[in-house]
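>>> fold the following.
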Amino acid sequence: MGRLQRYGAAAAKVRALWGLRLRPEDYRRMAAMRTLPELAVFLRAHPRWGRALEGVDLSAIHRFELEEHLRRHRLEEHLRVYPYLSREDQELLDFPVLEMELSQIMRYLRLARMGRAEEYSFTPPPRLARRSYVNFAALSAASTYDGLIQAVSGTKFAEVLRGLKPQLADREFPDFAQMETALFNVYFRELYAVTVRQRDDGMRRRLLESMGLQADLMNIAVILRVKRYYPEMEGLLLSYLLPVHHHLKPPVLQRMYAAQDASAVFEVLRGTWYGPYFPADGVSLERTLAQIRYDHSLRGLHEPLPSVVTPLSFLHLTGVELSNVIHMIECVRYNIPQEEVLSYVVGGE
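Got it, this is the predicted structure:
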């Protein structure tokens, strides 16, 4: 099967799956629910997520158990897409595995920094676990930073985790913003190394454009978080800015870096390609950055000439949908009002 024909089949497969996505009315119904079993029953009846909960007792399901079933289902979709790739592109589909490792390390760190490391649990599908270098059983049992390092010792992220250890007391964990930016840099360097090895000039250019957007978003996040929350860490965190420039060229980044505060950064941003996404200073940074990448992936999913970008875009979009569902679960668990719940949804068109 030729490359174009193969990706035509891949595009048909993932677009059909995306056609089953949750719609605005689904999110509204979920946001009005008051118990986790009620929400779980709704998801099991939905064509998009029902397979994740087949055979599961939902009568007293715990939040973390529900989330793990959904995460595993999303990762199994990765495995269903994999056979459609041409051999020379399969290396790119290892990056959802790397992204999984990154997201699980960050999820563990969020809980650990709140003193709730015992709540972390995750078991990936067996075929995907074989492609990962994280010892998820050890990570689920870890209660200290040393335990985290040991659990991920075989990954690309281990070196940066070890590098922060000398700064910490025995049971401390690194600052979350510092850790997130440092680990994302590792992920980005690995992605870049694979991308530049692409032999197809057009595909390499298309993937580098996608990487450039991600780099812009990461740099926006770092600068705004420093200006808003960590002015005392400015010299450290800004050293993590990625040396990749897509819509944000060096002179613009320099103006953002030199801005007096977050409001001044937003003013600079409003004069860039990203301006329409930042109409006012008070927008949610995380939600806005997620929406930008969502819109980019949606265009990639529907590109007229199918390529490896099509399944990669789909995998990102399903990750966004999973994040939306997990926000729903958290909000139902803590009885958040419906309108506030819906404010967390990214995409959902």
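
>>> report the residue spans of the stretch 1-150 of the chain with pLDDT below the cut-off.
1-4, 86-90, 93 (pLDDT under 70).

>>> mind listing the helices in it by residue range?
Under the criterion DSSP state H, counting those that start in this stretch, the stretch 1-150 of the chain contains helices at 3-18, 24-31, 36-45, 63-81, 95-113, 126-129, 136-141, 145-151.

>>> so for Y294, which of those helices sits nearest?
helix 3-18 (12.2 Å; CB to CB). To be clear about C-beta, it is placed using only N, CA and C from the backbone, and glycine gets the same treatment.

>>> buried stuff in that closest one?
Across helix 3-18, burial judged by 16 or more other CB atoms under 10 Å covers 3, 6-8, 10-11, 13-14, 17-18.

>>> and what of stretch 241-248?
Of all the residues in stretch 241-248, those buried under the rule 16+ other CB under 10 Å are 241-242, 244, 246, 248.

>>> narrow those to those in helices?
When DSSP state H is applied, the buried residues of stretch 241-248 are split such that none fall in helices.

>>> widest-spaced pair of those residues?
L241 and H246 (13.3 Å).

>>> now the closest residue to R48 other than its chain neighbours: how far from E321?
In space, and not counting its chain neighbours, R48 is closest to L20: 4.3 Å by CB to CB, 6 or more residues apart in numbering. Separation of L20 from E321 (CB to CB, to the nearest Å): 10 Å.

>>> those two - which one has more neighbours?
Neighbour count, other CB atoms under 10 Å: between L20 and E321, E321 has more, with 23 against 12.

>>> pretty sure that one is touching H327, no?
No: assessed by CB atoms under 8 Å, E321 is found out of contact with H327, at 10.7 Å.

>>> which stretches in the stretch 151-300 of the chain count as helices?
Listed in chain order, the helices of the stretch 151-300 of the chain (DSSP H, counting those that start in this stretch) span 158-164, 176-195, 201-229, 234-237, 250-258, 262-269, 285-301.

>>> what's the average pLDDT for the fourth one?
Averaging pLDDT along helix 234-237 gives 73.

>>> output the contacting helices and strands for it.
helix 176-195, helix 201-229 (3 or more CB pairs under 8 Å, 6 or more residues apart in numbering; DSSP states H and E).

>>> got the angle between the shortest one and helix 95-113?
Taking axes from the mean of the first three to the mean of the last three CA atoms, to 10 degrees, one finds that helix 176-195 is oriented at 170 degrees with respect to helix 95-113.

>>> quick thing: my sequence starts at 6, can you match it?
Fine by me, first position is 6 from now on; the one you just mentioned is helix 181-200.

>>> so for helix 181-200, what gets flagged as buried?
182-193, 196-197, 200.

>>> over to stretch 26-45?
In stretch 26-45, counting by 16+ other CB under 10 Å, buried: 26-27, 31-32, 34-36, 38, 41, 44-45.

>>> show residues contacting that stretch.
Taking contacts as CB atoms under 8 Å, 6 or more residues apart in numbering, the residues outside stretch 26-45 that touch it are 47, 51, 53-54, 58, 61, 63-68, 71, 322, 326, 329-330, 333-334, 336-338, 340, 343-344, 346-347, 350, 353-354.

>>> any of those residues buried? List them.
Buried among the contacts of stretch 26-45 by 16+ other CB under 10 Å: 47, 51, 53-54, 58, 63, 66, 68, 71, 322, 326, 329-330, 333-334, 336-337, 346-347, 350, 353.

>>> so Y349 versus E96, what's the distance?
According to CB to CB, Y349 stands 34 Å off from E96.

>>> what residue ranges in the stretch 156-305 of the chain score low on pLDDT?
Applying pLDDT under 70 to the stretch 156-305 of the chain picks out residues 171-176, 242, 286-287.

>>> can you list contacts of stretch 261-280?
For stretch 261-280, contacts defined as CB under 8 Å, 6+ apart pick out 221, 225, 228-229, 232-233, 243, 246, 252-253, 257, 260, 283-286, 297.

>>> report how many residues lie close to S137.
For S137, using other CB under 10 Å, the count is 19.

>>> pull the contacting residues for it.
Counting by CB under 8 Å, 6+ apart, S137 has contacts 102, 105-106, 129, 160.

>>> tell me the two of these that are most distant?
Top of the distance list for the contacts of S137 (CB to CB): P129 and T160, 13.4 Å.

>>> those two - which one has more neighbours?
Taking neighbours as other CB under 10 Å, P129 and T160 compare with P129 leading, 22 against 19.

>>> contacting residues around the more buried one?
77, 80, 105, 137, 141.

>>> look up phi and psi at it.
For P129, the backbone dihedrals (degrees, to the nearest 10) come out as phi -70, psi 160.

>>> okay, now the nearest residue to R132 once chain neighbours are set aside: neighbour count?
For R132, ignoring the flanking residues on the chain, the nearest one in space by CB to CB, 6+ apart is L84 at 5.5 Å. L84: 15 surrounding residues under other CB under 10 Å.

>>> excluding its backbone neighbours, what's nearest F283?
Nearest non-adjacent residue to F283, counting by CB to CB, 6+ apart: L274, 4.8 Å away.
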